[in-house]
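In: turn this into a structure:
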Amino acid sequence: MKKELLAPAGDFETLKQAIHNGCDAVYLGGKKFGARKFATNFDNDEMIKAIQYCHLYGVKIYVTVNTVIFDSEVDECLDYLTFLHQHGVDAVIMQDLGMITLVRQVLPNLDIHVSTQAHTHNLEQIRLLESLGVTRVVVAREMSLEEIQKLDTKLEIEAFIHGALCVCYSGQCLFSSLLLNRSGNRGECAGICRLPFTLLEDGKEIKTEGKYLLSPKEFNTTNHIKELLESNITSFKIEGRMKSPTTIGYITRLYRMLIDHYEKGEEVVLTKEEQEKLMVLFNRGFTDGYLFHSSGKQMMNILSPNHIGIEIGKVIQVTPKRIRIQLEKELNQGDGIRFLEEEQGMNVNFLYDLKGNLISGAKPKEIIEMDNKVGITTCCTVRKTVDSKFLKELENYPKKKIPVTISITAKLGKPLWIELSDFNHKVSISEDCIQKATGNGTSKERILEQLSKLGDSVFSLKESNLEIDSSIFIPISKLNEIRKKLVEELTIMRENEKKEVIINEKPTILKKEEDDKIRITALVRNEEQLKACLEEKIDTIYVTKESLYQKYSSYPNIYLRLDRVMNNHPNREQEKLLVGETGSLWKYRTSCLLVSDYYLNVTNSYFIDYLRNLGISNITLSIENSMETILKIVKKVGNQGLEVLVYGKVEAMIMKYCPLKMLVNHDKSPCKICQNGKRYELRDRNGELYPLLQEKELTHLFYYRNIMLEKEISKLKEMGICRYRFEFFEENSKEIKSILKKYKTILL
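Out: Just a heads-up that it's a prediction; the model follows:
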């Protein structure tokens, strides 16, 4: 299967840059329901133009509809998906399993790609997605190439190969939502991972080289294109709907070049100049990513969360008015620079030689001066972050041309027949306009010359098939007219290419299941907490450790909370499980008694309906639901089995990256820092403390305070919610009993 180069487009200019620099497909978002809410994005009129523009150039277009959806948005979202389908999008990218099941019923002929927000990282999840009838899955960025290679599936596999990385598993990050009420699952991520933090050990600060302890480098696989092209990955995805048109254009151009070189059997490496140009456009330091086993300092840049460009020299003298720099690379007026250690940046408006004369630019090894507009005080490293000359080059990109064949039959006594073909589509015109020449006539060469004048169109002539009599005359104006019509018809045909649109009625009746018995559930992390909950006669108790579960598994109300990152699924029979990833839902749906956790991001009735049909009777709602969205769900599908977290310290992030190994053990292996009995926390700029737990090579970062919905209990009871979750972190037996007593007086 031909490999696809997939580029992002945050606006129309970026779309053009991606197409004309060689992508096979683009992905973009509308004004709603996309996981990049703060990109410019496309309104409906722009979307129609984007679809036509992509199809004109033979490029596929995928639209992100990959946020979680609330019940109040279902109809609007479905209308939008119908609009996209009717106008010919090649696929939509979705996260919400409830909406996916609904779309499969209503729009059965619309291709669905499952977003990386769906947290797909194991084969059982793939099996569930196969059952839903999707066509492609975007795998988690934490997967290695070897793990991806083991995915035995007929689904197309899409994987990121370049761009920004999330430090948390995508779709599993609640940090921005908890801290600022800006949900990453709703396209509103505030980038909390790019902010400064301090690491504490038993309350004491650990000195670190930098302060951006959660900030990954920029993903870059240009050194691994051969391995990628020989893998089972179908589509190679560039991240960057928030990046500039020129940045996306150049990144696309480089990967196109590397792919083409590989297919021709040529060397697939970038030159030093190409690497430096890539660095100056955008980088936070480059990493091969988890795809190629990077970790620790290979993965993270704790010195700076921003674009750091390329080093061009050193400050050798600084005064309050002037900065003197020894250059190692070219610098020009209009460039942007960053003083790395002082974290200050500026545009180069005025550049001086050592005599104080204004100059437009300087070459390597020269010493220059500039005004100290940003107030730096030290002799620090200078990095170029904007190359004005290079940007101007990138703004003037060559336009892509579509090769076509012209076939002409011009026989005396028969109509003139001309066909224009792009090898997939054909348009033709037949007209009775051939006359016998009385003089020199219209030669074969002249006819072909006129019809080959494709000029400003998107087409360029590749082949011609001619059957032309001599001694004939055809008016040149007629040839021009026919050429223009053929170009217009082929253009329209390409722009409006789309598959069959089938629209079924939306199912109007969802099964409504009711309950009227209040139940209290609790999650515990040790035996003391478990015993306290048993003494308090908690209805259902979830334990986080397998050993503790096995010790108490004979109790009918004791469940094991499975990990939400599962690289394999051992066989389990007749067990009681709290599951937080879709692979476990699929694997254990018939063999075990399951409760679904809030990490599945359940926010609408259709997701609940899907889970109930799968055999999951107890369903924990996403903590990102508001009182209003919970009420709408209950009204639609009833309250049976719906669980709401009302107290507890929740995980803001789950990470493959381990700050303890990198910052405390300095990336040495083996590492047992997390077993030393000490308490580790991250402290933010406001002094809030976020506990860190390391388990099974994953880092769990907890929110600094507990969720406490004590004041919301009466509202939840009025709505009909009957299952109330408590999650205990470090509370002792006495504290647990006190908390439960306080809430029980309201609940029971």
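
In: okay, and the residue of the chain most remote from its centre sits in which element?
Out: In the chain, the greatest distance from the average C-alpha position (Cα atoms, centre = their mean) is reached by residue 438, at 67.6 Å. Counting by DSSP states H and E, no helix or strand carries residue 438.

In: mind checking pLDDT for the residue nearest to residue 103 when sequence neighbours are not counted?
Out: Excluding its sequence neighbours, the residue lying closest to residue 103 (Cβ to Cβ, 6 or more residues apart in numbering) is residue 81, at 5.9 Å. The C-beta positions use only the backbone N, C-alpha and C, and glycine is treated the same way. We have a pLDDT of 97 for residue 81.

In: check residue 231 too.
Out: 97.

In: could you list the domains of the chain?
Out: 4-165+218-290, 310-395, 402-495, 519-747 (automatic domain parsing).

In: please identify the deepest-packed of the ones you listed.
Out: Among the domains of the chain, domain 4-165+218-290 has the highest mean neighbour count (mean count of other Cβ atoms under 10 Å), at a mean of 20.

In: ends of that one, how far apart?
Out: Its first and final residues considered, domain 4-165+218-290 spans 21 Å by Cα to Cα, to the nearest Å.

In: so how far is that domain off the chain centroid?
Out: 7 Å (Cα atoms, centre = their mean, to the nearest Å).

In: can we start the residue count at 470 from this point?
Out: With 470 as the first residue, the last one maps to domain 473-634+687-759.

In: sorry, back to before: and the residue farthest from the centre of the chain, what does it touch?
Out: residue 942 (Cβ atoms under 8 Å, 6 or more residues apart in numbering).

In: that one and residue 882, how far apart?
Out: 16 Å (Cβ to Cβ, to the nearest Å).

In: before we move on, what about residue 1039?
Out: 81 Å.

In: the stretch 520-669 of the chain: strands as residue ranges?
Out: 529-534, 560-563, 581-583, 605-607, 625-632, 667-670 (DSSP state E, counting those that start in this stretch).

In: turn those into JSON lines, including mean pLDDT and distance to residue 1132.
Out: Below are these laid out as JSON lines (pLDDT from 0 to 100; distance: least, Cβ to Cβ, whole Å):
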{"stretch": "strand 529-534", "mean pLDDT": "98", "distance to residue 1132": "35"}
{"stretch": "strand 560-563", "mean pLDDT": "98", "distance to residue 1132": "35"}
{"stretch": "strand 581-583", "mean pLDDT": "98", "distance to residue 1132": "35"}
{"stretch": "strand 605-607", "mean pLDDT": "98", "distance to residue 1132": "31"}
{"stretch": "strand 625-632", "mean pLDDT": "98", "distance to residue 1132": "25"}
{"stretch": "strand 667-670", "mean pLDDT": "97", "distance to residue 1132": "6"}
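
In: can you read off the pLDDT for the closest residue in space to residue 678 that isn't next to it in sequence?
Out: Ranked by Cβ to Cβ, 6+ apart and with sequence neighbours excluded, the top spatial neighbour of residue 678 is residue 771, at 6.3 Å. Looking at residue 771, its pLDDT reads 97.

In: over to residue 1143?
Out: Reading off the model, residue 1143 has pLDDT 88.

In: the closest residue to it other than its chain neighbours: what's it in contact with?
Out: Excluding its sequence neighbours, the residue lying closest to residue 1143 (Cβ to Cβ, 6+ apart) is residue 1163, at 3.5 Å. Applying Cβ under 8 Å, 6+ apart, one finds that residue 1163 lies in contact with 1127, 1129, 1142, 1143, 1169.

In: the residues you listed: which two are farthest apart?
Out: Largest separation among the contacts of residue 1163 by Cβ to Cβ: 1142 and 1169, giving 14.8 Å.

In: what's residue 712 sitting at in phi/psi?
Out: For residue 712, the backbone dihedrals (degrees, to the nearest 10) come out as phi -90, psi 160.

In: ugh, typo on my part, it should be residue 789
Out: According to degrees, to the nearest 10, residue 789 has phi -60, psi -20.

In: tell me if I'm right that residue 889 and residue 895 touch.
Out: Yes. In this structure residue 889 lies within contact range of residue 895 using Cβ atoms under 8 Å: 7.3 Å.

In: secondary structure element for residue 1077?
Out: Judged by DSSP H and E, residue 1077 forms part of helix 1074-1083.

In: how much space between residue 1198 and residue 1013?
Out: Distance from residue 1198 to residue 1013, by Cβ to Cβ: 10 Å.

In: shared neighbours, the two?
Out: residue 994.

In: I'd like to know how many residues surround the residue nearest to residue 678.
Out: 23 (other Cβ atoms under 10 Å).

In: assign it to helix, strand or coil.
Out: Recorded secondary structure, residue 771: coil (DSSP: H, G, I helix; E, B strand; the rest coil).

In: ok, which stretches of the stretch 1020-1169 of the chain are strands?
Out: Going by DSSP E, counting those that start in this stretch, the stretch 1020-1169 of the chain shows strands at 1027-1030, 1045-1048, 1062-1065, 1087-1089, 1111-1117, 1120-1124, 1149-1152, 1158-1164, 1167-1171.

In: next one: the helix or strand just after the last one to chain centre, how far?
Out: Which is strand 1167-1171. Helices and strands here follow DSSP H and E; after strand 1167-1171, the next one along the chain is strand 1176-1177. Chain-centre distance of strand 1176-1177: 30 Å, with Cα atoms, centre = their mean.

In: and for stretch 651-669?
Out: 15 Å.

In: straight-line length of it, end to end?
Out: 27 Å.

In: flag every buried residue along that stretch.
Out: The neighbour-count check on stretch 651-669 (16 or more other Cβ atoms under 10 Å) flags 651-659, 661-664, 666-669 as buried.

In: contact partners for the most centrally placed residue in the chain?
Out: The residue lying closest to the centre of the chain (Cα atoms, centre = their mean) is residue 585, at 6.0 Å. Counting by Cβ under 8 Å, 6+ apart, residue 585 makes contact with 607, 608, 609, 610, 629, 639, 640.

In: can you give me the pLDDT of residue 978?
Out: So, for residue 978, pLDDT stands at 67.

In: the one 4 residues further on too?
Out: Model confidence at residue 982, given as pLDDT, is 83.

In: do the same with the one 5 residues further on
Out: Residue 987 is assigned 95 on the pLDDT scale.
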